[in-house]
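In: just coords:
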């Protein structure tokens, strides 16, 4: 990737790596670039999560947009998918989310959506980088009536909530649901949507103060939600991350239901109603082998992508597939969303539970979640490991021992000098022996 943009926008420690000066230049660059496609004033929608640095970066971004003659619509604290939705429905030229997702509060990020509501391709991000990093800023600086404007529109989040509600039929009356808002972007939206559908809602971690986002709560810290579901004798628990583009779930017994299980439940419902395009679910190489078995048993098939929601979405768009996602709970319903949407994912799952007449634990049991073991091997070099016959023989020997009951996945880290060795199968002691054996060979061969 490029010099500024990582796998999910521009990230860094706020006011150190991700400075207001950089945000200002990003605002100017985006307005100039996306403004080329319109004869009217370019419009950019901005949403943010609850981090203390969000207002600083929002102000700098908006100033940059105005200095390039654009109009900044500030939606306030809203989920990431709400920005994608509003950008599309308002026919804006671009959308911007200020969030570092599940990262701790000192971090922040700036992520762009095109006017279509989709994340930017690499080629567009590279063009924005070129504009931002030019030694001399020669972009237009209109004066007088040409200076841009700012519009505060937190009321727009209601449009997104109404849309999310419209994606399910019936209501959730009679269901008790605990929702963990992670003190993040879902703190208003998630409880309101569930209550409007008639659920009895218990809300936790919905009091953001700027520094408590993701702190021992939300989809990266599930223990509090598990305890709350049991304590309140709830039917379902929903956990969002800081920007609410993903969700994980807890069943009525307090057991975790991960993204793989959510996808299986929703895919089987779509298969039953002949609504899963080409009977295909799109997922990454990290999905549990139990997901593979459950989908194939139901007559479906899988498309497997590298790790990352962008690869899942690319594959979905190429063939028009209905459903795809990751074990982390980042799930895309192509009919409803242009990106991962934690609120819509939660609604689709709850709807599947309601329509089935069964408990969530029963539906989750449709997929056997096999043990997975991951070991990171620090190496001197990641180069050449795939061509190393000693390493490949060790991997193949492990795969042969597991047979069809499991699998081994070896892949390099994209950002660190690590090679990751993952195995899954029915017996954890066997996985430990195989993974550590392969890891030792890699360490010996790669230094």
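Out: Ah, there it is. Treat the numbers as computed from the prediction; the structure is a model and nothing was measured. Numbering: from 1, shown residues only.
In: how much distance is there from stretch 312-324 to the middle of the chain?
Out: Here the centre of stretch 312-324 is set off from its chain's centre by 15 Å, with Cα atoms, centre = their mean, to the nearest Å.
In: Identify each buried residue in it, please.
Out: 312, 313, 315, 316, 321, 322, 323, 324 (16 or more other Cβ atoms under 10 Å). All C-beta atoms are positioned from the backbone trio N, CA, C, and that covers glycine.
In: List the contacts of that stretch.
Out: 118-119, 263, 266-267, 270, 275-278, 280-284, 303, 305, 325-326, 331-335, 339 (Cβ atoms under 8 Å, 6 or more residues apart in numbering).
In: Among those residues, name the buried ones.
Out: In the contacts of stretch 312-324, the ones that pass as buried (16+ other Cβ under 10 Å) are 118-119, 263, 266-267, 270, 276-277, 280-284, 303, 305, 325-326, 331-334, 339.
In: So which of these are in helices?
Out: 263, 266, 267, 270 (DSSP state H).
In: what residues are up against the last one?
Out: The contact partners of residue 270, by Cβ under 8 Å, 6+ apart, come to 276, 322, 323.
In: Please name the nearest non-neighbouring residue to the first one.
Out: In this case it means residue 276. Residue nearest to residue 276 in three dimensions, not counting chain neighbours: residue 270, with 3.9 Å by Cβ to Cβ, 6 or more residues apart in numbering.
In: Nearest to residue 79 among the buried residues of stretch 312-324?
Out: Nearest to residue 79 among the buried residues of stretch 312-324 is residue 313, at 17.1 Å by Cβ to Cβ.
In: where does the closest one land in three-state SS?
Out: Of the three states, residue 313 takes helix according to DSSP: H, G, I helix; E, B strand; the rest coil.
In: separation between it and residue 277?
Out: 14 Å (Cβ to Cβ, to the nearest Å).
In: Okay, and residue 171 sits in which element?
Out: Here residue 171 sits in a region with no helix or strand, counting by DSSP states H and E.
In: what's the neighbour count on it?
Out: Residues near residue 171, counting by other Cβ atoms under 10 Å, number 14.
In: Spit out the contact partners of it.
Out: 197, 198.
In: Now the phi/psi pair for it, please.
Out: The phi and psi torsions at residue 171 (degrees, to the nearest 10) take the values phi -130, psi -180.
In: Check residue 254 too.
Out: phi 90, psi 10.
In: Is the residue nearest to residue 69 when sequence neighbours are not counted part of a helix or strand, or is it coil?
Out: In this structure, residue 69 finds its nearest non-sequential neighbour in residue 142, 4.2 Å apart by Cβ to Cβ, 6+ apart. Assigned by three-state DSSP, the conformation of residue 142 is coil.
In: Looking at the contacts of residue 270, which is nearest residue 14?
Out: Using Cβ to Cβ, the contacts of residue 270 come closest to residue 14 at residue 323, 34.7 Å.
In: Distance of the closest one relative to residue 280?
Out: For residue 323 relative to residue 280 (Cβ to Cβ), the value is 8 Å.
In: just residue 413 next, same as before
Out: From residue 413 to residue 280 the distance is 29 Å (Cβ to Cβ).
In: hmm, back to that, same list (the contacts of residue 270) but as JSON lines, adding pLDDT and distance to residue 365.
Out: Converted to JSON lines, the contacts of residue 270 look like this (pLDDT from 0 to 100; distance: Cβ to Cβ, whole Å):
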{"residue": "276", "pLDDT": "97", "distance to residue 365": "20"}
{"residue": "322", "pLDDT": "96", "distance to residue 365": "24"}
{"residue": "323", "pLDDT": "98", "distance to residue 365": "20"}
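In: Where does the prediction get shaky in the stretch 151-300 of the chain?
Out: Scanning the stretch 151-300 of the chain for pLDDT under 70 picks out no residues.
In: re the thing from before, contacts only, for the residue nearest to residue 69.
Out: Counting by Cβ under 8 Å, 6+ apart, residue 142 has contacts 68, 69, 148.
In: can you pull the pLDDT of it?
Out: pLDDT for residue 142: 95.
In: So which bits of stretch 130-143 are buried?
Out: 131, 132, 139.
In: Filter the residues you listed down to just the ones in helices.
Out: Those of these lying in helices (DSSP H): 131, 132.
In: of all the buried residues of stretch 130-143, which comes closest to residue 368?
Out: Distances from residue 368 to the buried residues of stretch 130-143, taken by Cβ to Cβ, are shortest for residue 132, at 48.2 Å.
In: so how far is residue 47 from the closest one?
Out: Separation of residue 132 from residue 47 (Cβ to Cβ) stands at 21 Å.
In: Could you list everything residue 238 pairs with in the sheet?
Out: Note on residue 238: beta-bridge partners residue 179, residue 249, judged by DSSP bridges.
In: Next, count neighbours for it.
Out: Neighbours of residue 238 using other Cβ under 10 Å come to 29.
In: My read is that it contacts residue 181, right?
Out: No: between residue 238 and residue 181 there is no contact under Cβ atoms under 8 Å: 9.2 Å.
In: and for those two, which residues touch both?
Out: With contacts defined as Cβ under 8 Å, 6+ apart, the residues adjacent to both residue 238 and residue 181 are residue 190.
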